[in-house]
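> Provided below are the primary sequence and the corresponding predicted coordinates.
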2 protein chains.
Amino acid sequence: MEFLVSAIAATLTTIAFVPQALHIIRHKETRAISLQMYLVFATGVAFWLIFGLMLWNWPMILANIVTLALALTIVAMKLRYG
Amino acid sequence: MEFLVSAIAATLTTIAFVPQALHIIRHKETRAISLQMYLVFATGVAFWLIFGLMLWNWPMILANIVTLALALTIVAMKLRYG
């Protein structure tokens, strides 16, 4: 049960960034996006990734690699379209 | 060491949403913000909160309550200023 709840949680908090990235790709506009949020968030996700590596917890490692990639993509688009 | 890394990670991925909320409060403009992202993300955080309650892990419970409140504030502002 704990595994199921954490798997649902990890999936949702990871895939959530896909519509945000697509939204920016479509509109090429990032005025309302906070660069500071994504820099702090990406750093935090990097720490979650280190934590996942320490526990050698594969779902955690994979989810955090994907989330980090999506957060850094949004940072790159903010810098480009900002 | 694992406690320290997870505490840093939880703090950063939680406080990251503060500059985003302040950014929207200041500019009263949310065009680049994806409503879908925040709805999916808030649902995921609610599942992390349930997971924290299952483990009775206080840092996880508190971090997820704060993150959920910030995500729902951003949803409310998207609906208001969107």
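Sure, I can see it. Numbers count the residues shown, from 1 in each chain, chains lettered A, B, ... in the order given.
> count of neighbours near the nearest residue to residue A:17 once chain neighbours are set aside?
The shortest distance from residue A:17 to any non-neighbouring residue, by C-beta to C-beta, 6 or more residues apart in numbering or on different chains, is to residue A:70 (3.8 Å). For every residue, glycine as well, the C-beta is placed using N, CA and C. For residue A:70, the count of nearby residues is 21 (other C-beta atoms under 10 Å in any protein chain shown).
> by contact count, what packs against the longest helix along chain A?
Ordering each helix of chain A by length in residues (DSSP state H) puts helix A:58-81 first. For helix A:58-81, the elements it packs on are helix A:2-15, helix A:17-27, helix A:35-55, judged by 3 or more C-beta pairs under 8 Å, 6 or more residues apart in numbering or on different chains; DSSP states H and E.
> name the residues that touch the longest one?
Going back to what we said before, that points to helix A:35-55. Here helix A:35-55 makes contact (C-beta atoms under 8 Å, 6 or more residues apart in numbering or on different chains) with A:58, A:60-61, A:63-65, A:67-68, A:71-72, A:74-75, A:78-79, A:82, B:1-2, B:5-6, B:8-20, B:23.
> rerun at 6 Å
With C-beta atoms under 6 Å, 6 or more residues apart in numbering or on different chains as the contact definition, helix A:35-55 has outside contacts at A:60-61, A:64, A:67-68, A:71-72, A:74-75, A:78, B:2, B:5-6, B:8-9, B:12-13, B:16, B:19-20.
> what does the first one give?
Outside helix A:2-15, the residues that touch it by C-beta under 6 Å, 6+ apart are A:59, A:63, A:66-67, B:40-41, B:43-44, B:47-48, B:50-51, B:54.
> quick check: the two most widely separated of the residues you listed?
Distance extremes for the contacts of helix A:2-15: the farthest pair is A:66 and B:54 at 24.0 Å, using C-beta to C-beta.
> quick one: which of these two has more around it?
The residue with more neighbours, out of residue A:66 and residue B:54, is residue A:66; 17 against 13, by other C-beta under 10 Å.
> check contacts around that one.
residue A:14.
> show the pLDDT at it.
For residue A:66, the pLDDT comes out at 97.
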